[in-house]
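*Asks:* The sequence and its predicted three-dimensional model are supplied below.
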Amino acid sequence: MRLFSLFVVLLCFHSLRAQFELIPLYTAQSTGLGQPSRWEHPANLAFAKLSSVTATASNSFLLPEVQHIGLTGSFAFANAGMRLQVDQVGLADAFRQMRFQVGYGRLLLEDFSLGVQLEAVQIQLFEYGSAWQKNYAIGMQYQLHPSLIMQMQVRNPIPLPQADYLPSASLVQLSLNYQVSSEVDLFTEVEKNVHFPVRLKVGLEYRVLKQVAFRTGMLTGPTQLAFGFGYRFWEHYQLDVATTFHQQLGWSPSLSLGYLFE
C-alpha cells in the first residue's frame, strides 16, 4: 500500500519524468477554484489589507499516507506585505517533504506591485537520506481595470545549483482575475513548466452572501474537476472546504481555517 501511495503522488505531480517535482500546498480557497496561484502569488501580498494566520490540511485521493499540512502567516503593512509558510507532506517511513517559505510584495504604483519568494525544501527518502532544494520566484501584479487583475510569476528563471537528483525546474505562470459582478469572480491561469506541457486552470466563485461563497473549477495535467465552499464567521474566522476529483484516482479533499486580524 505504501509503494502504491508513493506511485500515486509521483504520478499526480509529474515526478515520473527524469525531474523531481515538489508537491505544492494550496489553500482550500484556491483548490476549490482549480488551484490558481492568485493567493500564493508574492506580488499579491502588497494589496493585502489584513494580516492573517491560516492552517491547511489536504489528503490526496483519500489515501492516509498522502497527507499535507501547512501553516501560513500573512502580514499586511503600508504598501507592502510579507508571508511566512511551513508545510509538510509525507508517506510514513518512505518519503517526506518539508518546506520553509518567505514571500514579500511591494506596491510600486497605485495599481502595480512586485514580489519575491524564497524557499528551502528538505526532501527525505528514508532509505537514501535527505537533501535540500533551494528555489525562488519573482512576480508582478497589475490592475488593468477596476474589474481585471493580471499576475505573472517566474519561478527559478536561472536555476540554482542543487543535488544531482533534485534539479530545480523553471516555471512561468500567467493569471487573470475578472470580477464579472459584485457576486461573481472568474479566474484563469496558464502555467508552463520547461519540462512539461502547458497546464490550464479555470475557476469561478459565486458569493451568495457576504459571508458565503461557492466555488468550482477545473485544471489540466492531469485533468481534474474542483469544487469548494467558503464561510466567514464570528467576524474574524474564515473556513474553506474544497476537493478536486480525478476520474481514475478519485477525490482529494482540502480544508483551511484562517483567523483575520482587524
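*Replies:* Looks like it arrived, so ask away.
*Asks:* Please determine how far S147 is located from E110.
*Replies:* Separation of S147 from E110 (Cβ to Cβ, to the nearest Å) stands at 16 Å. Glycine gets a C-beta too; all of them are placed from N, C-alpha and C.
*Asks:* same deal with L148?
*Replies:* On the measure of Cβ to Cβ, L148 and E110 end up 15 Å apart.
*Asks:* on that earlier part again, between S147 and E110, which is the more surrounded one?
*Replies:* S147 (14 against 8; other Cβ atoms under 10 Å).
*Asks:* Surely that one and N177 touch.
*Replies:* No: if you go by Cβ atoms under 8 Å, S147 and N177 don't touch, sitting 9.1 Å apart.
*Asks:* ok, S52 to S74 distance?
*Replies:* 5 Å.
*Asks:* just the strands in this protein please.
*Replies:* Ranges of strands in the chain, per DSSP state E, are 51-59, 67-77, 80-91, 95-109, 112-125, 129-145, 148-155, 171-179, 184-193, 199-207, 212-219, 224-233, 237-246, 250-261.
*Asks:* Please produce TSV containing those strands, extended by mean neighbour count and distance to L22.
*Replies:* Formatted as TSV, the strands of the chain follow (neighbours: other Cβ atoms under 10 Å; distance: least, Cβ to Cβ, whole Å):
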stretch	mean neighbour count	distance to L22
strand 51-59	19	15
strand 67-77	17	12
strand 80-91	19	9
strand 95-109	18	7
strand 112-125	17	6
strand 129-145	16	7
strand 148-155	18	10
strand 171-179	18	10
strand 184-193	18	11
strand 199-207	19	15
strand 212-219	20	17
strand 224-233	18	18
strand 237-246	20	18
strand 250-261	17	17
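*Asks:* could I get these as a markdown table with mean pLDDT and distance to N44?
*Replies:* Below are the strands of the chain laid out as a markdown table (pLDDT from 0 to 100; distance: least, Cβ to Cβ, whole Å):
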| stretch | mean pLDDT | distance to N44 |
| --- | --- | --- |
| strand 51-59 | 97 | 13 |
| strand 67-77 | 96 | 10 |
| strand 80-91 | 92 | 8 |
| strand 95-109 | 94 | 6 |
| strand 112-125 | 93 | 7 |
| strand 129-145 | 93 | 6 |
| strand 148-155 | 97 | 7 |
| strand 171-179 | 96 | 10 |
| strand 184-193 | 97 | 12 |
| strand 199-207 | 97 | 15 |
| strand 212-219 | 98 | 18 |
| strand 224-233 | 97 | 17 |
| strand 237-246 | 97 | 16 |
| strand 250-261 | 97 | 15 |
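*Asks:* how about those in JSON lines, adding distance to A43?
*Replies:* Below are the strands of the chain laid out as JSON lines (distance: least, Cβ to Cβ, whole Å):
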{"stretch": "strand 51-59", "distance to A43": "17"}
{"stretch": "strand 67-77", "distance to A43": "13"}
{"stretch": "strand 80-91", "distance to A43": "9"}
{"stretch": "strand 95-109", "distance to A43": "5"}
{"stretch": "strand 112-125", "distance to A43": "3"}
{"stretch": "strand 129-145", "distance to A43": "4"}
{"stretch": "strand 148-155", "distance to A43": "7"}
{"stretch": "strand 171-179", "distance to A43": "11"}
{"stretch": "strand 184-193", "distance to A43": "14"}
{"stretch": "strand 199-207", "distance to A43": "18"}
{"stretch": "strand 212-219", "distance to A43": "22"}
{"stretch": "strand 224-233", "distance to A43": "23"}
{"stretch": "strand 237-246", "distance to A43": "22"}
{"stretch": "strand 250-261", "distance to A43": "20"}
